[in-house]
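Novice: Coordinates only, no sequence provided:
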Ligand code: FES
């Protein structure tokens, strides 16, 4: 059973200092550019490749910077403003650097009544993040709350990057995190 993150969920992420200052190195060079070019042949227009192109950018850099958006815009022949509109619409795109492991916990009502807040607390304590949207000092983790992940019968569902974990409880959090070091 596969579930995707809610497009309406997500918390406001606080940017980690230091990551924004580095000059932008183009992502779409060599094999990555070749992969994008190949993808373009499979879509009716270049613009239609925007979502996967942004995903490739995020996979390469861990987040989507303004400079990255400009690079994608130039390649696809659209404006940076259009790209930004798309990036800010979908919570799956990170507009700030995040930890190596991006942890999304459903806290919508059905999961909430089953103890999701305690699961969030356990993640914040065990990861050392302390607060939602803040990346741990070791750069490993960022924890956010999200809206319904579509697995209400398996409270509390959690996504760690693209892994979908069901029936998470505060007690199982340390063991789960041991897998993500
Ligand atoms: S309310 Fe949590 S998965 Fe639906």
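Specialist: The structure has been received and is ready for your questions. All values reported here derive from a predicted model rather than from experimental measurement.

Novice: what does this protein put close to the ligand?
Specialist: By the rule C-beta under 6 Å from any ligand atom, the part of the chain lying against the ligand is 106, 108, 110-111, 148-152, 157. Every C-beta, even on glycine, is put in place using the N, C-alpha and C of the backbone.

Novice: Could you dump these into JSON lines and include neighbour count?
Specialist: Shown next, in JSON lines, are the residues of the chain next to the ligand (neighbours: other C-beta atoms under 10 Å):
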{"residue": "106", "neighbour count": "31"}
{"residue": "108", "neighbour count": "17"}
{"residue": "110", "neighbour count": "14"}
{"residue": "111", "neighbour count": "25"}
{"residue": "148", "neighbour count": "18"}
{"residue": "149", "neighbour count": "24"}
{"residue": "150", "neighbour count": "16"}
{"residue": "151", "neighbour count": "20"}
{"residue": "152", "neighbour count": "14"}
{"residue": "157", "neighbour count": "24"}
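
Novice: So, low pLDDT: which residues of this structure?
Specialist: Along the chain, the parts satisfying pLDDT under 70 run over 1-21.

Novice: got the contact list for the closest residue to residue 131 other than its chain neighbours?
Specialist: In this structure, residue 131 finds its nearest non-sequential neighbour in residue 124, 6.8 Å apart by C-beta to C-beta, 6 or more residues apart in numbering. Contacts for residue 124 were tallied using C-beta atoms under 8 Å, 6 or more residues apart in numbering; they are 130-132, 143.

Novice: and this protein, what are its domains?
Specialist: 30-89, 101-177 (automatic domain parsing).

Novice: among those, which is the most enclosed?
Specialist: Across the domains of the chain, averaging neighbours per residue (mean count of other C-beta atoms under 10 Å) puts domain 101-177 on top, at a mean of 18.

Novice: Make CSV from the domains of the chain and add distance to residue 22 to it.
Specialist: Shown next, in CSV, are the domains of the chain (distance: least, C-beta to C-beta, whole Å):
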stretch, distance to residue 22
domain 30-89, 9
domain 101-177, 15
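
Novice: What ranges does this structure have for its strands?
Specialist: With DSSP state E as the criterion, the chain has strands at 101-106, 141-146, 158-160, 163-165.

Novice: so how far is the third one off the chain centroid?
Specialist: Think strand 158-160. 10 Å (C-alpha atoms, centre = their mean, to the nearest Å).

Novice: Over to the last one?
Specialist: The gap between where strand 163-165 is centred and where its chain is centred comes out at 13 Å by C-alpha atoms, centre = their mean.
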